[in-house]
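Peer 1: no letters, just coordinates:
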Ligand SMILES: [Zn+2]
């Protein structure tokens, strides 16, 4: 249905593409973009759920961190108490060792004195035996059988015969032994006290060690739990990040860079079909969505972006043919239809006047021309109001 001389065509045939564009709108709104929007909604809901989970998890983590800290403090306190009790026990052990050494010394001294007494007793007995060798045998026997001086003095009259010097020596030695034995008793009772205290402290230490082991288990357990919850937090964060990426990708697919708001066109338009100004169909003629720009040798000539923006769609459409839709980020969208070839891809960011394709007659078209539309916030505009 290609006619070379567009200028000779009647208006009715030139605007025939109109009816097809009405169905195109339906195509665009019910097609893959709607599906993408649905899954975007799902992803956003999933993100919200993840955020709630994350919040709960974070709270739990905070509680666990506090618990772990408390348990660690309690454990450390017990450890300090154990250390001080052990220090006391060490002190008592040293004290007991010193007393033992003193006891050894005293026992040695007592043994020395005892040996002196034994010797003195032997001498005394020898003297008595010599003095009374002719006396009453029974009396002598009593003295010889006596085990101590007291017995001798109490039971016999022979004491009078014993020399004053011997008696004094033995009494002095006995007095010394008694004194040493007094020290010995004192040290033994000290030692016993220290031993009792040591035993009590050791029992306390055992108790504290038990508590410490329990506290250590609890602290370790709290840390384990904390790690568990931390790993869940990391997992949730990973999922959220992934989901966020998926959302961002889908948003780019659906809205181009309009969502990110980091690209806005200049706000003024350049003529999309350089060198060709002849209109074969005006905006609104029979409900026409845009303007048709034609010319005798227009086929294959470059079509340019009226303003900078992001390509919402670049591809085939049964009505538009090879077409490009550009979002300019400021509420404006422009569309270019029926091209023979495309020069851009969906999602691409374009500068004003960048070539988007080449004039043609694809889709619902009766001859080479550029069908051009301007849409503002979803409302079709008369493109001629901008030039
Ligand atoms: Zn048209």
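Peer 2: Yep, that arrived. Just so we're clear, the structure is a prediction, and the values are computed from it rather than from any experiment.

Peer 1: correct me, but residue 341 touches residue 355?
Peer 2: No. Between residue 341 and residue 355 there is no contact under Cβ atoms under 8 Å: 10.1 Å. Heads up, the C-betas are built off the backbone N, CA and C, glycines and all.

Peer 1: enumerate the residues of the stretch 201-350 of the chain near the ion.
Peer 2: residue 292 (Cβ under 5 Å from the ion).

Peer 1: repeat the analysis, applying 8 Å as the threshold.
Peer 2: With Cβ under 8 Å from the ion as the criterion, the stretch 201-350 of the chain meets the ion at residues 281, 288-292, 337-338.

Peer 1: ok, of those residues, which one's closest to residue 116?
Peer 2: For these, the closest approach to residue 116 (Cβ to Cβ) belongs to residue 337, at 135.9 Å.

Peer 1: and the closest one, bridged to which residues?
Peer 2: Counting by DSSP bridges, residue 337 is bridged to residue 371.

Peer 1: and the gap between it and residue 301?
Peer 2: 15 Å (Cβ to Cβ, to the nearest Å).

Peer 1: host element of the residue lying closest to residue 197 once chain neighbours are set aside?
Peer 2: Nearest non-adjacent residue to residue 197, counting by Cβ to Cβ, 6 or more residues apart in numbering: residue 92, 5.8 Å away. Using DSSP states H and E, residue 92 falls within helix 32-131.

Peer 1: what's that helix packed up against?
Peer 2: Applying 3 or more Cβ pairs under 8 Å, 6 or more residues apart in numbering; DSSP states H and E, we find helix 32-131 packed against helix 137-145, helix 149-155, helix 164-255.

Peer 1: if you set the cut-off to 6 Å instead, what comes out?
Peer 2: When contacts are defined as 3 or more Cβ pairs under 6 Å, 6 or more residues apart in numbering; DSSP states H and E, helix 32-131 sits against helix 164-255.

Peer 1: and the next helix or strand past the helix it packs on?
Peer 2: strand 278-281.

Peer 1: going by contacts, tell me the helices and strands next to that following strand.
Peer 2: Contact here means 3+ Cβ pairs under 6 Å, 6+ apart; on that basis strand 278-281 packs against strand 291-294.

Peer 1: again, 7 Å this time
Peer 2: Packing partners of strand 278-281 (3 or more Cβ pairs under 7 Å, 6 or more residues apart in numbering; DSSP states H and E): helix 11-14, strand 291-294.

Peer 1: so what strands line up beside it?
Peer 2: Short version: by DSSP bridges, strand 278-281 pairs with strand 291-294 (antiparallel).

Peer 1: the partner strand - what's its average pLDDT?
Peer 2: The predicted model assigns strand 291-294 a mean pLDDT of 96.

Peer 1: which SSE is immediately downstream of it?
Peer 2: strand 302-304.

Peer 1: which helices and strands does that next one pack with?
Peer 2: Against strand 302-304 (3+ Cβ pairs under 7 Å, 6+ apart) you get strand 355-358.

Peer 1: who touches the strand it packs on?
Peer 2: Residues outside strand 355-358 that contact it (Cβ atoms under 7 Å, 6 or more residues apart in numbering) are 300-305, 322, 324, 336, 339-344, 350.

Peer 1: circling back to that earlier point, residue 337 and residue 301: which is more packed in?
Peer 2: Shown here are residue 337 and residue 301; by other Cβ atoms under 10 Å, residue 337 has more neighbours (30 against 18).

Peer 1: distance-wise, check that one relative to residue 329.
Peer 2: Counting by Cβ to Cβ, the gap from residue 337 to residue 329 is 21 Å.

Peer 1: got a winner among the residues of the stretch 201-350 of the chain next to the ion for most neighbours?
Peer 2: In terms of neighbours by other Cβ under 10 Å, these top out with residue 337 at 30 neighbours.

Peer 1: quick check: that residue touching residue 371?
Peer 2: Yes. Counting by Cβ atoms under 7 Å, residue 337 sits close enough to residue 371 to count as a contact (3.9 Å).

Peer 1: what does stretch 296-305 rub up against?
Peer 2: Here stretch 296-305 makes contact (Cβ under 7 Å, 6+ apart) with 270, 272-276, 326, 336, 339-340, 350, 352-360, 368-370.

Peer 1: redo that, cut-off 6 Å
Peer 2: Residues outside stretch 296-305 that contact it (Cβ atoms under 6 Å, 6 or more residues apart in numbering) are 272, 276, 326, 336, 339, 350, 353-359, 368, 370.

Peer 1: low-scoring stretches of this structure, by residue?
Peer 2: Counting by pLDDT under 70, the ranges of the chain that qualify are 1-38, 128, 130-166, 251-263.

Peer 1: list the residues that contact the residue in it that the ion sits nearest to.
Peer 2: In the chain, the residue that lies nearest the ion is residue 371 (3.5 Å; Cβ to the ion). By Cβ under 6 Å, 6+ apart, the contact set of residue 371 is 290, 292, 337-338.

Peer 1: quick check: closest non-adjacent residue to the residue most central in space within the chain.
Peer 2: Nearest residue to the geometric centre of the chain (Cα atoms, centre = their mean): residue 230, 4.5 Å. Of all residues not flanking residue 230 in the chain, residue 61 sits nearest, at 6.3 Å (Cβ to Cβ, 6+ apart).

Peer 1: quick check: that neighbour vs residue 222, distance?
Peer 2: Residue 61 is 12 Å from residue 222, where distance means Cβ to Cβ.

Peer 1: could you do residue 315 as well?
Peer 2: For residue 315, the distance to residue 222 equals 59 Å [Cβ to Cβ].

Peer 1: what about the residue nearest to residue 361 when sequence neighbours are not counted, how many neighbours?
Peer 2: Among residues not flanking residue 361 along the chain, residue 368 sits closest, at 4.6 Å (Cβ to Cβ, 6+ apart). Using other Cβ under 10 Å, residue 368 is surrounded by 25 other residues.
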